[in-house]
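> Just need the structure, nothing else, for what follows:
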Amino acid sequence: MDRLDKMSVAAIAVFTLIIVGMLANNGITKTQAHNPGPAAKGQQDLYALQMEMDKKIYQEVISYKNNGLHAEAMAELRDVIDSYPERPRSYVYLAQLYLEQGKLGDAIHNYRQAVEMEPDYVDERTPLFIGDKIKGPVIEGREKFAREKALKPKDKRVKMALKDVYYLQSRLAGGCE
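Got it, this is the predicted structure:
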């Protein structure tokens with residue numbers, strides 16, 4: 001074998017080793033994705049616990065909301081917010097109540113507060129994901145408040161609503177804060 005043959009055989013051997021290594025790494029990655037480790041299991045347990053606590057805390061709010069008693073639901077929600085100020089789910093329910101009352105700007109602002117407090121609300125990989133509920137109001141708000149800004153360019157309320165819309169739009173698209 002001459003020198004060129006030896007180099008060709010060595011190059012083929014190196015490429016073969018690289019390909020085998022890449023395939024092995026891909027197999028390990030797929031195995032890890034299908035068998036989440038203890039950290040992922042712990043995270044799922046935390047989500048389940050959080051959702052169970054939310055059911056208990058917001059039971060009356062949900063009952064009032066489902067029966068169309070918005071004033072009572074708002075009053076109960078204010079009490080919950082006073083008792084549990086760290087619970088972002090309060091702002092989700094507040095946003096939903098405002099939407100049902102036709103107050104789009106207030107709804108979008110409360111969705112923003114909820115997402116700022118709990119980024120998992122816009123992460124499709126978590127059970128807390130509510131992006132599908134936020135998307136409609138964001139699209140509607142973008143159109144509505146853009147028209148209002150054209151009519152009232154100095155209105156601070158409209159500018160704030162557009163900022164909230166753009167923030168949520170960015171987060172729904174997977175952007176950072």
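> and the next element down the chain from the helix-or-strand element of the chain with minimal mean pLDDT?
When the helices and strands of the chain are scored by mean pLDDT, DSSP states H and E, helix 3-34 comes last with a mean of 79. Reading on from helix 3-34 to the C-terminus, the next helix or strand found by DSSP states H and E is helix 38-57.
> which outside residues touch the helix or strand following that following helix?
Counting by DSSP H and E, the next helix or strand C-terminal to helix 38-57 is helix 59-66. Residues outside helix 59-66 that contact it (Cβ atoms under 8 Å, 6 or more residues apart in numbering): H70, E72, A73, E76, L77, V80, Y93, Q96, L97, E100. C-beta: built from backbone N, CA, C; applies to glycine.
> now helix 59-66: mean pLDDT?
Per-residue pLDDT over helix 59-66 has a mean of 93.
> center of the chain - which residue?
What sits nearest the mean C-alpha location of the chain, by Cα atoms, centre = their mean, is V122, with 0.9 Å.
> Does it touch I134 like I think?
Yes. If you go by Cβ atoms under 8 Å, V122 and I134 touch, sitting 7.1 Å apart.
> Now for the two: what residues contact both?
V115, L168, L172.
> This structure - how does it break down into domains?
What automatic domain parsing lists as the domains of the chain is 1-35, 40-172.
> circling back to that earlier point, now, the shared contacts of V122 and I134 that are in helices?
In this view, the shared contacts of V122 and I134 that belong to helices under DSSP state H are V115, L168, L172.
> what about this protein, any weak spots by pLDDT?
For the chain, the stretches with pLDDT under 70 are 28-40, 175-177.
> one more time with 80
1, 24-42, 175-177 (pLDDT under 80).
> Need the three-state assignment for E86.
For E86, the assignment made with DSSP: H, G, I helix; E, B strand; the rest coil gives coil.
> how many neighbours does A114 have?
By other Cβ atoms under 10 Å, 24 other residues sit near A114.
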